[in-house]
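# Fold the stuff below for me.
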Amino acid sequence: MELIFEDRGMVVRRDNASVLLISDLHLGFEEEISEEKGVHFPLQHVSILERIETLVEKHDVQMLYVIGDVKHTIMTDIPYNWDIIPDFMSDLSAVVRTVVIPGNHDGDLEALLPRNVELADVRGVLIGKEEEKVSLIHGHAWPTPDLLDASLFVMGHSHPSVSRFHTVSSSNIGRDNRRRYAGSLPVILHSKLNKNCVRQNLGVLEIPNDKYAKLVTLPSFNKIVTGIAINSPNSKLPGPFFDNSCVNLIESEAFSIDGLFLGSIGWLRERFNEMIKSNPRGTDSNHGSVV
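Residues are numbered from 1 along each chain as shown. All right, here's what the predicted structure looks like:
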């Protein structure tokens, strides 16, 4: 089994068959920003469909799993949902066979889906066979016990990211170096999931020789959704795995959306703390950046 990370998504390739995993489309998020902030973004569903189609063609994908939060509003009763989502999902299913695992924002989603789009169990699905089983969950609810047969879990929900800062100076006007927020970088988290911790919370028997699985947390596939800055010292990721200490966030590792290793969360937070505590005065460079 081969895992490929590209454009905020993940491709699972096995036996000449490929499955594409993406999470948290949050269609309609730009409408909320427009109403609340007065900032207008282009509707994202067109570019999202194009990006998915590119990944499907490039990796010869046979099936797409959307791991939760197709829409942004929890309820369906806004014009955007009815005007955009049914046609979007119909166009998407024409590109690739599509399965949706409902997320916490997907209330009444079934009413918006064409019949050829499968709506899976909210507690996740298990794909693959034998040693190549993969469990797919959104991340806001406990999985079903059978999902614990897998050695790899993939989820969304928490939109992990890294905050970036620049140190800038204006020596020509006599201003000291100052730090400025330089945006958010979406990341993919790799963690160790304690399956016996999950079993305890599900009320099923623990299995001593099957204690751990790998957990991959994908960022939002929507490019205007930023997420939770995991390098900030006080940030916490939502969901039962993290809330119940079945995953050690500090020991988790962050990767870029293309698979480049960035460091452990503990290391990234140490750098963040050093940057906040340091005094930029007297530095020689005119500009710099800290992740």
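
# Let me know the distance separating the most centrally placed residue in the chain from residue 138.
Closest to where the C-alpha atoms of the chain average out (CA atoms, centre = their mean) is residue 219, at 2.2 Å. Residue 219 is 14 Å from residue 138, where distance means CB to CB, to the nearest Å. For glycine as for every other residue, the C-beta is placed from the backbone atoms N, C-alpha and C.

# Now the common contact residues for these two.
Shared contacts of residue 219 and residue 138, defined by CB atoms under 8 Å, 6 or more residues apart in numbering, are found at 23, 156.

# tell me which helix or strand of the chain sits lowest on mean pLDDT?
Least confident helix or strand, the chain: strand 287-290 with a mean of 30, by mean pLDDT, DSSP states H and E.

# and stretch 66-75, which residues are buried?
66, 67, 68, 69, 70, 71, 72, 73 (16 or more other CB atoms under 10 Å).

# what pLDDT does the fifth one get?
The per-residue pLDDT reported for residue 70 equals 96.

# before we move on, what about the second one?
At residue 67 the predicted local distance difference test score is 97.

# Skipping adjacent residues, who's closest to it in space?
In space, and not counting its chain neighbours, residue 67 is closest to residue 23: 4.1 Å by CB to CB, 6 or more residues apart in numbering.

# OK, contacts around the one you found?
Residue 23 neighbours (CB under 8 Å, 6+ apart): 66-69, 103, 138, 155-157, 218-221.

# could you redo the last one with a cut-off of 10 Å?
8-10, 65-70, 101, 103, 136-139, 154-159, 217-222 (CB atoms under 10 Å, 6 or more residues apart in numbering).

# Mind checking which of these land in strands?
With strands taken from DSSP state E, the overlap with the contacts of residue 23 comprises 9, 10, 65, 66, 136, 154, 155, 217.

# What distance do you get for the last one to residue 57?
Read it as residue 217. Taking CB to CB, one finds residue 217 at 26 Å from residue 57.

# What of the third one?
Distance of residue 65 to residue 57, computed by CB to CB: 18 Å.

# likewise the second one?
Counting by CB to CB, the separation of residue 10 from residue 57 is 17 Å.

# Between those two, which is the more surrounded one?
residue 10 (24 against 11; other CB atoms under 10 Å).

# So for the more buried one, what's the nearest residue that isn't a sequence neighbour?
Using CB to CB, 6+ apart, the closest residue to residue 10 is residue 21 (4.5 Å).

# There's contact between that neighbour and residue 188 in this structure, I believe.
No - if you go by CB atoms under 10 Å, residue 21 and residue 188 don't touch, sitting 11.0 Å apart.

# so what sits against both of these two?
Going by CB under 10 Å, 6+ apart, residues that sit against residue 21 and also against residue 188 are 5, 9, 10, 154, 216, 218.

# Look at the second one and say how many residues are nearby.
It stands for residue 9. 22.

# show me what contacts it?
20-23, 51-52, 55, 59, 61, 64, 188, 218-219, 221, 257.

# Most neighbours out of those, which is it?
Busiest of the contacts of residue 9 [other CB under 10 Å] is residue 23, holding 32 neighbours.
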